[in-house]
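[1] Give me coordinates for this.
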Amino acid sequence: MTFAQFLFVAIDKLFDGAQNNKKMLRFKDVKFEVETDIAYGKDDAEKLDTYFVKKDVNEKYPVFFYIHGGGFVAGDKHYRRGLAKWAANKGFFVVNVNYGLGPEYLFPKGLQHLVNALNWVGENAQKYNLDLDNMCVSGDSAGGYYSAMLACVATNKDLQARFGVSTDLKFRTAMLDCGIYDIGEALGQKMPFNLTDKVLFDFSGIHVKELDKYQYVDVLAPFGYVNEQFPISFITYAEKDMFCKGQGQKLVKKLQDLGVHVEEHHSTKFFDNHCYPLNWNKGAAIENIRLCDDFLKRVVNKEV
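    Reported below is the predicted structural model:
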């Protein structure tokens, strides 16, 4: 296990109780239909879970496609089980995805997996009665990065060709939590234990000093490919983020300049830090969850 893996695995284990707060995520008299570890591809990492609540009427489910974080090298859909139920309780069919992590799977393998998972949704739309015109992509941290990348790839055939993938599916909305969107800028942020270089190497197989020679350097960051086709978005960021400082603000500004509908919430205190909404009922997370609640209700009803 690399140092970066050890760090991010420890974070998930330490905060599992907060992320899956039993009091906050208790849904009285709600029966969730859950399927786990559905294989959507050939690689061992290509597994997903689905969550939904049966409806009394025969109407299609909007899709909530969730990508967990973990520094590109750790994390698991298991740690987002509470969030998956939270979204399913709002009327979504939730697809909670695992994907290839570094250093076992180097970029762009994880992204290719996620396109496979997206295509799985399309292939199973009739089986689950899914509304493919109302899909929301969401993720935290590294999952926020991949959510933005997937949204860009879905509308850009040149990017699809570059990464060796193909899909005709698109997201109508996105809900991104403390993601990295401009990797070049993020790599300039100094971190203890040379963590930035360690994560980049485990993610891509290259060191920071070699980045300009990397074969995917021009397509590594979603920021350069965000355009008018980017989904209607809710962006969460922490002003004092220890990992992704400045990233959310930059994406919000670009979407505003492009005329893409964007809403945002951010924390201002140090202890409301990276991915603070996953704490659910502490500090700035309380207001963030309220706003996300409202956003998703409007997404379900196509009011946004």
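
[2] Can you give me the pLDDT of the nearest residue to residue 108 once chain neighbours are set aside?
    The shortest distance from residue 108 to any non-neighbouring residue, by Cβ to Cβ, 6 or more residues apart in numbering, is to residue 163 (4.9 Å). Every C-beta, even on glycine, is put in place using the N, C-alpha and C of the backbone. What the model reports for residue 163 is a pLDDT of 98.

[3] what sits against the nearest residue to residue 267 once chain neighbours are set aside?
    Leaving aside its sequence neighbours, residue 267 sits nearest to residue 284 (Cβ to Cβ, 6+ apart; 3.8 Å). Counting by Cβ atoms under 8 Å, 6 or more residues apart in numbering, residue 284 touches 265, 266, 267, 268, 269, 272, 276.

[4] Could you report the separation of residue 284 from residue 262?
    Separation of residue 284 from residue 262 (Cβ to Cβ, to the nearest Å) stands at 19 Å.

[5] residue nearest the centroid of the protein?
    The centre of the chain sits closest to residue 139, judged by Cα atoms, centre = their mean, with a distance of 1.7 Å.

[6] mind checking the SS state of that residue?
    strand (DSSP: H, G, I helix; E, B strand; the rest coil).

[7] residues contacting residue 163?
    Taking Cβ under 8 Å, 6+ apart, we find residue 163 in contact with 108, 111, 112, 115, 153, 219.

[8] among these, who's most crowded?
    Within the contacts of residue 163, most neighbours by other Cβ atoms under 10 Å means residue 153, with 27 neighbours.

[9] Does that one touch residue 164 like I think?
    No: counting by Cβ atoms under 8 Å, residue 153 sits too far from residue 164 to count as a contact (11.1 Å).

[10] residue contacts, the closest residue to residue 70 other than its chain neighbours?
    Spatially, and ignoring its direct neighbours in sequence, residue 70 is nearest to residue 8 (4.7 Å; Cβ to Cβ, 6+ apart). With contact set as Cβ under 8 Å, 6+ apart, residue 8 has these partners: 70, 71, 73, 74, 75.
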